[in-house]
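**Q** please find the sequence and the predicted model below.
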Amino acid sequence: MRTTLDLPEDLIKEAQRLTDAKTKTEVITLALKELIRRESMLKLLEFEGKVDLDLNLDELRQRG
């Protein structure tokens, strides 16, 4: 998808330097994937202490 964005050149260059991304598209794609990964992990942390997985691995292995 083609999109026109006005991005700070210094941020793009720094991100390319740090990630070895060859193109602006590559660095933006990498940044979006990282943002999605990080936010997904934060959402999972909301479940900490709320889910009780009292599992017996030996019992589960015998079922399969």
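**A** Sure, I can see it. Keep in mind that what you see is a predicted model, and the values were worked out from it rather than measured. Numbers count the residues shown, from 1 in each chain.
**Q** helix or strand: which one has the residue nearest the centre of the chain?
**A** For the chain, the residue nearest the mean C-alpha position is R37 (1.5 Å; C-alpha atoms, centre = their mean). Taking DSSP states H and E as the definition, R37 sits inside helix 24-45.
**Q** what distance separates that helix from the centre of its chain?
**A** 4 Å (C-alpha atoms, centre = their mean, to the nearest Å).
**Q** buried ones in that helix, by neighbour count?
**A** Across helix 24-45, burial judged by 16 or more other C-beta atoms under 10 Å covers 27-28, 30. C-beta coordinates here come from the backbone N, C-alpha and C atoms, glycine included.
**Q** per-residue pLDDT, Q62?
**A** Predicted confidence (pLDDT) at Q62: the value is 86.
**Q** that one: how many residues sit nearby?
**A** For Q62, the neighbour count with other C-beta atoms under 10 Å is 8.
**Q** and the helix or strand where it lies, what's buried?
**A** According to DSSP H and E, Q62 maps onto helix 57-63. Buried residues in helix 57-63, defined by neighbour count with 16+ other C-beta under 10 Å: none.
**Q** alright, calling it a day.
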